[in-house]
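Participant: 3D, please:
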Amino acid sequence: MAIGVTAKLTVQDGKNSEFEAAFAKLSESVNSLEPGCNLYALHQSRTNAQVYIVLEQYEDEAALAAHGKTEHYLQAGKVLATCLAAAPEIELMDSVGA
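Facilitator: Alright, predicted model coming up:
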């Protein structure tokens, strides 16, 4: 069963460009190096430019667990954390249907 994830990330004022650049590098690595990841995409709120949502989908729990242990994720996390205004809000979901 596929696992869906949303991550709501609130970025500090003035850090959007740095955050987006770091996330772009992370996204490229995730999408090219993690075959168990079906979707990894960043979206910016239309009502609050400091709020981003990451939409993610993994083939299974093993792929999700592997994602959090990759070198590219761990390294990007160090940079991204310096841009955040608050702790990420993460929600895990199970796929429904085929």
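
Participant: neighbours of residue 49, just the number please.
Facilitator: Neighbour count for residue 49, taken as other C-beta atoms under 10 Å: 11. (Glycine included, C-beta is placed from N, CA and C.)

Participant: cool, the one 5 residues further on as well?
Facilitator: Neighbouring residues of residue 54 were enumerated by other C-beta under 10 Å; the total is 20.

Participant: Regarding it, what is its secondary structure?
Facilitator: Using DSSP: H, G, I helix; E, B strand; the rest coil, the structure places residue 54 in strand.

Participant: Would you agree it is in contact with residue 42?
Facilitator: Yes - the pair residue 54 / residue 42 is scored as a contact, 5.6 Å apart, by C-beta atoms under 8 Å.

Participant: what touches both of these two?
Facilitator: Common neighbours of residue 54 and residue 42 (criterion: C-beta atoms under 8 Å, 6 or more residues apart in numbering): residue 23.

Participant: which residue is nearest the centroid of this protein?
Facilitator: Centroid check for the chain by C-alpha atoms, centre = their mean gives residue 54 as the closest residue, at 4.5 Å.

Participant: where does it land on pLDDT?
Facilitator: Note for residue 54: predicted pLDDT of 98.

Participant: Kindly report the same for the one 5 residues further on.
Facilitator: Here the pLDDT value assigned to residue 59 is 97.

Participant: Quick check: chain neighbours aside, which residue is closest to residue 26?
Facilitator: Spatial nearest neighbour of residue 26, excluding adjacent residues (C-beta to C-beta, 6 or more residues apart in numbering): residue 76 at 3.8 Å.

Participant: how many neighbours does the one you found have?
Facilitator: By other C-beta under 10 Å, the residues close to residue 76 number 19.

Participant: Could you tell me how far it is located from residue 66?
Facilitator: When distance is defined by C-beta to C-beta, to the nearest Å, residue 76 is 15 Å away from residue 66.

Participant: ditto for residue 87
Facilitator: Distance from residue 87 to residue 66, by C-beta to C-beta: 23 Å.

Participant: Out of those two, name the residue with the larger neighbour count.
Facilitator: Between residue 87 and residue 66, residue 66 has the larger neighbour count (other C-beta under 10 Å), namely 16 against 10.
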